[in-house]
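>>> test case, fold it:
(one chain, ligands or ions: 1)
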Amino acid sequence: MARTSADSESGSSTLTVTRRCSDRFLRGLEQASRVTFVSHVHADPDSLGSMLGLAHLVECCLGTPTRLTRDGPICRAENRAMVEVLNLELVPVEHLEWDDNEVVVMVDSQPNTGRHNFNGGIPLYAVIDHHDTPGDVDGIPFVDVRRKLGATCSLVTRYLMEQDVPVPKRVATALFYGIETELSGYPREAAPLDDSALHVLFPLTDKDALSRIRNARLPESYYECILQGLQSSFIYDRLMLCWIDEMDSAEHAAEVCDFMMRLEQVDWVVVGGVYQDQLILSVRTVRPHGRAGEMLRQVVGRLGKAGGHNRRAGGSVPLPSTSPSAVEELQSELRRRFLRALRIDEDTRGRRLMPLRAMLQNLQ
Ligand SMILES: [Mn+2]
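Predicted structure coming up:
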């Protein structure tokens, strides 16, 4: 098992008993009147699955009531389908009220990474995560952050296995889908724990529910954004950059990025789309050790926020104005920075993915 901050913390020399992470996690919750799970903004399948899995663990092992929450809307069609199909009850973080002795656990995210609006009235008991983006975990009693792990759901599955808790279909489906989406089809590039979690969970999943989530119906705006993405794509060496003028969901940038990333000539795809008063950025790379999260954080710098993993990353930059000139100015600054970060000659002329002539001909 990977060494973790939780492992090293418990590495006291006086005791020979090695307690498992899940034992320590549960022990700290014994006096809790209720356990509330929080995660990052626009909850994704990994955060939803992790909250559900840990809530199940707590309910089975301690009989303590739990709550799952959501921070901001859930936009992506598959993620909304997951909430609906698995009947997840999510309390909006802005409506939370606290019981005496209530305990809060943060999953798939770390405090002060700018990825959540939760700054609750009560301190966190635990942080369970796998992100590279370092958060402020000082003073938090239980921390289990495994940066090599592909999904937080894999760690939660491990806790359930350690405690020998039966995993019902609904929980198994959520955990499985959480891992599947985080690994983008490459379980073996993540960690052995991800791969083995998928093996354990798959027979327990609800296959119909899984296919209803995977094949969620898409809104018209998705196709509008795909069209804009195709029409605005420029290729610079191994990088493709696409811009979307106006999106009615922050998730469309990532969806366009997922759609574009399989183009055979490029290794990197960056999509930037205007959503309300922000430019939302999404990055994908086919390189297994691409460190996309680090690259995007470096590019965005002080302009905004960013984070992510080896193959995938996301971020946002506030726009001073949504006028075309303000958007264009930011786009060209970011283009310069991406080219520099990927060591592509800054004078490289972009080549359109779809030549203008072809676009016009298609209209006739
Ligand atoms: Mn995750």
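>>> where does the nearest residue to Gly301 once chain neighbours are set aside land in three-state SS?
Of all residues not flanking Gly301 in the chain, Arg337 sits nearest, at 7.8 Å (C-beta to C-beta, 6 or more residues apart in numbering). Glycine gets a C-beta too; all of them are placed from N, C-alpha and C. Arg337 falls in the helix class when you classify it by DSSP: H, G, I helix; E, B strand; the rest coil.
>>> surely Arg337 meets Val299?
Yes: using C-beta atoms under 8 Å, Arg337 makes contact with Val299 at a distance of 4.5 Å.
>>> those two: who's more crowded?
Applying other C-beta atoms under 10 Å to Arg337 and Val299 shows that Val299 carries more neighbours, namely 26 against 18.
>>> is it true that that one touches Arg336?
No: in this structure Val299 lies outside contact range of Arg336 using C-beta under 8 Å: 9.5 Å.
>>> which helix or strand contains Asp136?
Counting by DSSP states H and E, Asp136 is held by no secondary-structure element, helix or strand.
>>> for it, what are its contacts?
Applying C-beta atoms under 8 Å, 6 or more residues apart in numbering to Asp136 gives the contacts 110-112.
>>> could you measure from it over to Val145?
12 Å (C-beta to C-beta, to the nearest Å).
>>> measure the residue nearest to Gly301 to the ion for me?
Applying C-beta to the ion, to the nearest Å, the value for Arg337 to the ion is 26 Å.
>>> ok, that residue to Val300 distance?
Taking C-beta to C-beta as the criterion, Arg337 is separated from Val300 by 8 Å.
>>> show me where the stretch 51-200 of the chain has strands.
Along the stretch 51-200 of the chain, the segments classed as strands by DSSP state E, counting those that start in this stretch run 66-70, 90-92, 102-107, 124-129, 142-145.
>>> for the fourth one, which strands pair with it and how are they oriented?
This means strand 124-129. Strand 124-129 has its sheet partners listed here by DSSP bridges as strand 102-107 (parallel), strand 142-145 (parallel).
>>> do you know which of these lies nearest the ion?
Closest to the ion of these, according to C-beta to the ion: strand 102-107, at 8.5 Å.
>>> ok, is the closest one in contact with the ion or not?
No: figure legend: strand 102-107 not in contact with the ion (C-beta under 5 Å from the ion); closest approach 8.5 Å.
>>> rounded mean pLDDT for that strand, please.
Averaged across strand 102-107, pLDDT comes to 96.
>>> once you drop chain neighbours, what's closest to Val300?
Spatial nearest neighbour of Val300, excluding adjacent residues (C-beta to C-beta, 6+ apart): Ala306 at 4.2 Å.
>>> next, the contact list for the one you found, please.
Ala306 makes contact with 281, 293, 296-297, 299-300, 313-316, according to C-beta under 8 Å, 6+ apart.
>>> that one - that's part of a strand, no?
Yes: Ala306 forms part of a strand when assessed by three-state DSSP.
>>> returning to what we had before: and the contacts of Asp136, which of them are buried?
Buried by 16 or more other C-beta atoms under 10 Å: 110-111, out of those.
>>> which one of the contacts of Asp136 sits closest to the ion?
Nearest to the ion out of these is Gln110 (C-beta to the ion; 11.3 Å).
>>> tell me how many other residues surround the residue in the stretch 201-350 of the chain positioned nearest to the ion.
In the stretch 201-350 of the chain, the residue that lies nearest the ion is His309 (7.8 Å; C-beta to the ion). If you count neighbours by other C-beta under 10 Å, His309 ends up with 23.
>>> now Arg147
15.
>>> residue contacts, it?
130-132.
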